[in-house]
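Engineer: Turn this into a model:
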Amino acid sequence: MAKKRKKDKAKKEEEYEFKPPEFDEKEFIKKELRDTKTVLITVGYAAFFGVMATALAHISNNLIGLSFLLVFVGLYSLKYFYPFLRINTEDFQKKNWAGNVAWFFLTFLAVWILTFNFPISDHANPKVEDIVVWVTNEDTGNITAIDYVYVSNQGSYGWVPRDGGELDGLITANENFTVNITARVTDNGNLRIAEICVGNVEGTYSDMDEDADILNRFDHEIGGEDLDGLSGLFFFIHAVDDHDNEITFIPTGSIPLV
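Structural biologist: I've put the predicted structure just below:
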């Protein structure tokens, strides 16, 4: 009996023939074309939303955060956008949706970043750095530099004489002294205004002179007699670029006057 069973089993194995499932070439090609078309449409749709987000941010810098939220609006609308273009999504699997969502998000992010930054857009404020007050004693010809730097033992920025001396008594409010204020004012686009006001932030601003020899350096000269009546030298530097991005440099303290 055992031998007969073995023979029957061997015979059945010999008779077994593997038959691969039928391959519908037309259906396969149709599905691949649909998937490719869907990806291309998704990329174009995401690029449109990226441009719209940048356009919204152009209206006001306060809308920058809101403009980025358009990516979620676009992602949610995909399930309505595909049927609108007569793309059948009934047999979409999770991998189809996941792939299209990834394509949309990455494309939106790339377009948004590209169009949001210079030279296409400019949302960055100018920078006012390296502020130095040069004090010239006309009687002695001595020139003293006072830098606006971070003072670690105070935990804040302040005025520090470059030669390490005392700050008090460096400037006298009379005609024997000349004060020249210099600063490096930069912008990633075109700087339109670089102006300074001495005394009060709401006072009269004067255009700073651009140094012909040093790039992005601006200066403003003040006669010591013009400081008469002030308890200290306190000034503000205001910078504006072509896209109306602006910044006002306000020092933490003044330089005492004698």
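Engineer: How far does stretch 227-234 sit from its chain's centre?
Structural biologist: Put simply, stretch 227-234 sits 38 Å off its chain's centre (CA atoms, centre = their mean, to the nearest Å).
Engineer: what residues does that stretch touch?
Structural biologist: Stretch 227-234 is contacted from outside by 133, 171, 173-174, 179, 198-199, 251, 253-257, using CB atoms under 8 Å, 6 or more residues apart in numbering. (Glycine included, C-beta is placed from N, CA and C.)
Engineer: and which of those residues is nearest A46?
Structural biologist: Of all the contacts of stretch 227-234, P251 has the smallest distance to A46: 46.1 Å, by CB to CB.
Engineer: so how far is L257 from that closest one?
Structural biologist: 15 Å (CB to CB, to the nearest Å).
Engineer: okay, those two: which has more neighbours?
Structural biologist: Shown here are P251 and L257; by other CB atoms under 10 Å, L257 has more neighbours (22 against 17).
Engineer: Please report how far the more buried one lies from V133.
Structural biologist: Per CB to CB, L257 is found 12 Å from V133.
Engineer: for F72, same thing?
Structural biologist: Noted for F72: a distance of 50 Å to V133, by CB to CB.
Engineer: Tell me which of these two has more neighbours.
Structural biologist: The neighbour comparison of F72 against V133 (other CB under 10 Å) goes to V133, with 23 against 12.
Engineer: ok, and the closest non-adjacent residue to the more buried one?
Structural biologist: With sequence-adjacent residues excluded and distances taken as CB to CB, 6 or more residues apart in numbering, V133 is closest to I146, at 4.3 Å.
Engineer: Any idea what that neighbour is bridged to?
Structural biologist: V133, P161 (DSSP bridges).
Engineer: can you pull the contacts of it?
Structural biologist: Taking CB under 8 Å, 6+ apart, one finds 132-135, 159-162, 167, 170, 255 in contact with I146.
Engineer: Make TSV out of these and add distance to L66 and pLDDT.
Structural biologist: Formatted as TSV, these follow (distance: CB to CB, whole Å; pLDDT from 0 to 100):
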residue	distance to L66	pLDDT
V132	41	97
V133	42	96
W134	46	96
V135	49	95
W159	41	95
V160	43	95
P161	48	95
R162	47	92
L167	47	90
L170	50	89
I255	43	92
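Engineer: Closest one of those to G223?
Structural biologist: Of all the contacts of I146, V135 has the smallest distance to G223: 12.0 Å, by CB to CB.
Engineer: mind checking the SS state of the closest residue to the closest one other than its chain neighbours?
Structural biologist: The shortest distance from V135 to any non-neighbouring residue, by CB to CB, 6+ apart, is to T144 (4.6 Å). Here T144 is strand, with the state taken from DSSP: H, G, I helix; E, B strand; the rest coil.
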